[in-house]
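**Q** fold the stuff below for me.
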Amino acid sequence: MVLAFQEGASTQLQPRKQPRQDRADATRRRILDAAAHVFADFGYAAGTTNRIAEQAGVSIGSLYQYFPNKDSILVELMTVHTEEGFALVHRHLTAGLPDSIEDTLRVFVRAAIDNHRDNPRLHRVLFEEAPRPPEFLAMLHQSEDAVITAAEALLAKHPDVRVTETAMAARMVVATIESLVHRLVAGPRPVEPGPFEDQLVDMLTRYLTN
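**A** Next up, the predicted model:
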């Protein structure tokens with residue numbers, strides 16, 4: 001899967017410097033890592049570029065050589081997080097999957113849980129508190145459509161699946177996993193991931209096979 005968010009994006013949100021040397025790339029990575037800590041600790045509103053620069057151990061001037069403003073840093077964090085999640089799903093879809101639909105669903109539910117358990121506070125800041133520009137939303141929708149298309153193809157040919165409207169079923173399965181995992185794993189009152197995984201897999205399996 002190729003996710004091309006940067007193409008055509010607003011210049012106010014694109015990173016300014018495209019580092020070509022290892023040292024510059026390490027500085028940029030350090031700024032992004034620092035921003036993840038700052039946004040997780042202070043939230044979007046209080047996560048200032050001064051705090052990010054201090055956490056990264058760079059001057060504010062150096063930070064602005066890489067990113068024009070706070071939102072450009074945040075959008076890159078959003079993009080990286082989203083690309084990693086969808087790339088993981090795509091790898092599972094293109095690799096060998098278990099024979100049963102239940103075990104196949106478990107692969108994707110567990111991947112979604114793992115993706116959301118990685119710094120859930122930052123996940124909430126990125127996808128609930130912070131503004132999401134149109135360019136990012138377009139990339140998100142494009143990636144979701146690709147996953148839904150692949151899921152539909154999988155459901156249409158799987159012998160365990162009994163639903164007839166596989167296009168609708170694929171959309172429902174993808175939306176259900178993303179919505180429930182976000183709310184119940186990355187939410188402020190997270191549930192135990194093990195029992196949640198079992199119940200979500202059981203619910204989706206019953207829907208697809210009955």
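**Q** tally of neighbours for P98?
**A** Here the count is done by other CB atoms under 10 Å, and P98 has 11 residues near it. In this view, the C-beta of every residue, glycine as well, is placed from N, C-alpha and C.
**Q** wait, what's in contact with the closest residue to it other than its chain neighbours?
**A** Once flanking residues are discounted, P98 sits nearest to T104: 5.3 Å by CB to CB, 6 or more residues apart in numbering. With contact taken as CB atoms under 8 Å, 6 or more residues apart in numbering, T104 is in contact with 97-98, 154, 158.
**Q** in the lowest-mean-pLDDT helix or strand in the chain, which residues are buried?
**A** Across the helices and strands of the chain, mean pLDDT, DSSP states H and E gives its lowest value to helix 70-94, namely a mean of 84. Residues of helix 70-94 classed as buried: 70-79, 81-83, 85-86, 89-90, 92-93 (neighbour count, 16 or more other CB atoms under 10 Å).
**Q** show me how the chain divides into domains.
**A** Domains of the chain are assigned by automatic domain parsing as 17-67, 70-209.
**Q** and the last one, how far from the chain's centre?
**A** The gap between the average C-alpha position of domain 70-209 and the chain average comes to 9 Å, counting by CA atoms, centre = their mean, to the nearest Å.
**Q** quick one on the thing from earlier: report the angle between the helix or strand containing the residue nearest to P98 and helix 70-94.
**A** In the assignment (DSSP states H and E), T104 maps to helix 101-117. Calculated by axes from the mean of the first three to the mean of the last three CA atoms, to 10 degrees, helix 101-117 forms an angle of 160 degrees with helix 70-94.
**Q** quick check: next helix or strand after helix 101-117?
**A** For helix 101-117, the following helix or strand on the C-terminal side (DSSP H and E) is helix 120-124.
**Q** show the secondary-structure elements that that following helix is packed against.
**A** Here helix 120-124 touches helix 22-46, going by 3 or more CB pairs under 8 Å, 6 or more residues apart in numbering; DSSP states H and E.
**Q** how close does the spatially most central residue of the chain sit to H92?
**A** Closest residue to the average C-alpha location of the chain: T82 at 2.9 Å, with CA atoms, centre = their mean. Distance from T82 to H92, counting by CB to CB, to the nearest Å: 16 Å.
**Q** does F67 touch I31 like I think?
**A** Yes: between F67 and I31 there is a contact under CB atoms under 8 Å: 6.9 Å.
**Q** between the two, what contacts are shared?
**A** In contact with both F67 and I31: I73, using CB under 8 Å, 6+ apart.
**Q** in this protein, which ranges drop under the pLDDT threshold?
**A** Within the chain, the segments meeting pLDDT under 70 span 1-20.
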